[in-house]
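Visitor: Let's see this in three dimensions:
(one chain, ligands or ions: 2)
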Amino acid sequence: MPAQEAPTRRGLLIILSSPSGAGKTTLARRLLAADPQVSFSVSATTRPPRPGEVDGREYHFVTRDEFMAMVELGDLLEHAEVFGNLYGSPRVPIERSMAQGRDTLFDIDWQGGQQIRNSPLGREVVSIFILPPSMAELERRLKARAQDSEEVIAGRMGRAMDETSHWAEYDYVLVNRDLDETEAKVRHIVEVERLRRDRQPWLTDFVRGLAREFQEGVG
Ligand SMILES: Nc1nc2c(ncn2[C@@H]2O[C@H](COP(=O)(O)OP(=O)(O)O)[C@@H](O)[C@H]2O)c(=O)[nH]1
Ligand SMILES: Nc1ncnc2c1ncn2[C@@H]1O[C@H](COP(=O)(O)OP(=O)(O)O)[C@@H](O)[C@H]1O
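Guide: Ligands and ions are numbered 1, 2, ... in the order given. Now for the predicted structure:
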């Protein structure tokens, strides 16, 4: 799209939340791989990187002081403390992406979801909550991921019902049994939400054009 052209639609802010281990990171990766119109909002966090995580790709890994400076400068669209670490969504890449009519995907908790929903950008939010098929399966997935200590896993299980208690604040709720099925559902949601009338501002001119054509005697 040439830079001078207005975007053809409003970009979505797609929020994925779930108790830790239910599969939102996996689903986010799949959506990003499948859909070039979606960019990932890389959060800033004070949590240490896990094996395989790359600074600037999964997260911007920052110190507490750096994080607090971002908060004070208003650089974060939302921020929250989760499992004793600070997490927040940098504002500039989100605004840039929206200005281009691109969608932004957030892997954030319910507190972040609430803040964005209640912000001036709330109209563009599409929120999806991912539930595990059972608590036993949630624990199995956390262990299978094999990236956290027993203690960290116990902490995440302890917080699972806290996060889950916010399920009804979301537009869509999916039980992540089969990964392929859940991914397909996430993609359908995104496709359909793009078609909402208020997300396609170009339609007004388009219909005016149809009316002109009609008045000029076609049909
Ligand atoms: N509010 C908020 N939550 C975030 C942000 N980034 C990540 N989170 C949430 O913080 C929680 C912990 O994330 P993480 O440490 O990566 O572990 P995970 O639960 O296995 O994905 C998850 O619920 C994430 O969705 C953010 O920028 N803002
Ligand atoms: N539907 C599923 N069936 C089986 N395993 C899954 C499913 N979805 C995700 N997983 C696995 O569960 C673990 C936790 O998933 P992850 O995406 O890291 O969760 P979250 O980001 O919600 O903490 C990963 O090892 C992932 O491969």
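Visitor: Return the residues of this structure in contact with ligand 2.
Guide: Proximity of the chain to ligand 2 (CB under 6 Å from any ligand atom) is limited to residues 18, 20-26, 141, 144-145, 176, 178-179. Placement of C-beta: from N, CA and C, glycine included.
Visitor: where does whichever residue of the chain sits closest to ligand 1 fall, phi/psi-wise?
Guide: Scanning the chain for the residue nearest ligand 1 gives residue 112, at 2.5 Å (criterion: CB to the nearest ligand atom). Note on residue 112: backbone dihedrals following degrees, to the nearest 10 are phi -70, psi -40.
Visitor: From residue 103, how far out is it?
Guide: Residue 112 sits 17 Å away from residue 103, going by CB to CB, to the nearest Å.
Visitor: Using the three-state scheme, assign the residue of the chain most remote from its centre.
Guide: Relative to the centre of the chain, the most outlying C-alpha is that of residue 217, 47.3 Å out, by CA atoms, centre = their mean. Assigned with DSSP: H, G, I helix; E, B strand; the rest coil, residue 217 falls in the coil class.
Visitor: Tell me where this structure has strands.
Guide: 13-17, 38-40, 43-45, 59-61, 76-82, 85-90, 103-107, 125-131, 172-175 (DSSP state E).
Visitor: tell me which residues in the fourth one are buried?
Guide: In this case it means strand 59-61. By neighbour count with 16 or more other CB atoms under 10 Å, strand 59-61 contains the buried residues 59, 60, 61.
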